[in-house]
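J.: only geometry, no sequence info:
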Ligand SMILES: [Zn+2]
């Protein structure tokens, strides 16, 4: 297990406000990369590739356009005193490593212990997506998600666990397919209470069923 040390949200929130280069310049940069591979950017199959790559980047890195704290802003206080663990398990995670800009694919589990208010589950999934759709290392991604939920929702604790494969490790470099990396960030009661931590880890490890 590796635990993150990077300071999370702030630098990323500053980065997302940076001015973007012109689309034509970015397409020219992609064309240059194609030339760098040794191929001909003017052949039929490649001629529209720079424009496609730029559109793909808009999708992959859409997370710079949203503020995760804002997403969690709307909470519900009518919970009939529900105060036990809320766990979103086995969400698919797709991100890109900031060192090679290739995919990180895995799954993520997010849990929190509400203190009087809860947030819609789609909002939690959206926060994961906003951070995932940025250039990341898995350690920072894990911390940013946990700390944002803790800061905005103020629950009694947050636990985030990510298990993912890094294409920069499986398809290039050391070429180790099948290896996954696990990171976790435990805050509040999940950090201080070993029973709770065990409960989270065993809930996450339990076999899952698909409904609906
Ligand atoms: Zn990488």
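T.: Nice, I can see it. Quick caveat, the model's predicted, so the values are computed rather than measured.
J.: Which secondary structure state is assigned to the closest residue to residue 39 other than its chain neighbours?
T.: Spatially, and ignoring its direct neighbours in sequence, residue 39 is nearest to residue 46 (6.3 Å; C-beta to C-beta, 6 or more residues apart in numbering). In short, each C-beta sits where N, CA and C put it, glycine included. Three-state assignment for residue 46 (DSSP: H, G, I helix; E, B strand; the rest coil): coil.
J.: Same check on the one 4 residues further on?
T.: Recorded secondary structure, residue 50: helix (three-state DSSP).
J.: Looks like it contacts residue 25 (just checking).
T.: No: counting by C-beta atoms under 8 Å, residue 50 sits too far from residue 25 to count as a contact (10.7 Å).
J.: the more surrounded of those two?
T.: Higher neighbour count among residue 50 and residue 25: residue 50, with 21 against 9, using other C-beta atoms under 10 Å.
J.: Just give the number of residues close to the residue nearest to residue 39.
T.: Residue 46: 17 neighbours (other C-beta under 10 Å).
J.: go on, the one 10 residues further on?
T.: The number of residues packed around residue 56, counting by other C-beta under 10 Å, is 12.
J.: ok, now which ones touch residue 159?
T.: Going by C-beta atoms under 8 Å, 6 or more residues apart in numbering, residue 159 touches 109, 110, 111, 112, 146, 184, 185, 186, 187, 190, 197, 200.
J.: ignore the last one, residue 164
T.: Shown in contact with residue 164 (C-beta under 8 Å, 6+ apart): 93, 95, 104, 105, 106, 107, 138, 180, 181.
J.: So for the stretch of helix or strand the second one belongs to, mean pLDDT?
T.: Using DSSP states H and E, the element containing residue 95 is strand 86-97. Taken as a whole, strand 86-97 carries a mean pLDDT of 97.
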